[in-house]
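S.K.: Turn this into a structure:
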Amino acid sequence: MKLIHLTDTHVIGDGLLYGQDPAARLLAAAQSTNAEHPNASFVVLTGDMSHPGDAAA
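M.R.: Purely as a prediction, here's the structure:
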């Protein structure tokens with residue numbers, strides 16, 4: 001069984017965080033997972049899902 005582990009995505013409402021776009025990076029990770037690991041049984045998300053923890057994030 002193959003699983004994908006993503007952690008500490010730190011998604012924010014809009015814009016950049018430390019010069020990076022967390023939403024774009026998460027999308028790239030999802031696209032990579034779909035393209036390179038289509039046989040994965042599931043994805044586990046752990047850690048800080050959003051950076052500020054507000055409703056926009």
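S.K.: all strands of this structure, in order?
M.R.: 3-7, 42-46 (DSSP state E).
S.K.: Please identify the most buried of those.
M.R.: Mean neighbour count (mean count of other Cβ atoms under 10 Å) peaks for strand 3-7 among the strands of the chain, with a mean of 13. C-beta coordinates here come from the backbone N, C-alpha and C atoms, glycine included.
S.K.: same for it, what does it pack against?
M.R.: Other elements packing on strand 3-7 under the criterion 3 or more Cβ pairs under 8 Å, 6 or more residues apart in numbering; DSSP states H and E are helix 22-36, strand 42-46.
S.K.: hmm, 7 Å instead?
M.R.: strand 42-46 (3 or more Cβ pairs under 7 Å, 6 or more residues apart in numbering; DSSP states H and E).
S.K.: Partner strands of the strand it packs on and their direction?
M.R.: Strand pairing for strand 42-46, using DSSP bridges, gives strand 3-7 (parallel).
S.K.: now the angle from the partner strand to helix 22-36?
M.R.: 170 degrees (axes from the mean of the first three to the mean of the last three Cα atoms, to 10 degrees).
S.K.: For strand 3-7, give the mean pLDDT please.
M.R.: Per-region confidence: strand 3-7 scores 97 on mean pLDDT.
S.K.: Put the alpha carbons of it into CSV.
M.R.: Provided in CSV are the C-alpha atoms of strand 3-7 (Å, rounded to 0.1, in the frame of the first residue of the first chain):
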residue,chain,number,x,y,z
LEU,A,3,0.5,6.6,1.0
ILE,A,4,1.4,10.2,0.4
HIS,A,5,2.2,12.4,3.4
LEU,A,6,1.9,16.2,3.1
THR,A,7,2.6,18.3,6.2
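S.K.: Let's have the strands of the chain in TSV, adding distance to Tyr18.
M.R.: As requested, the strands of the chain are arranged in TSV below (distance: least, Cβ to Cβ, whole Å):
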stretch	distance to Tyr18
strand 3-7	16
strand 42-46	20
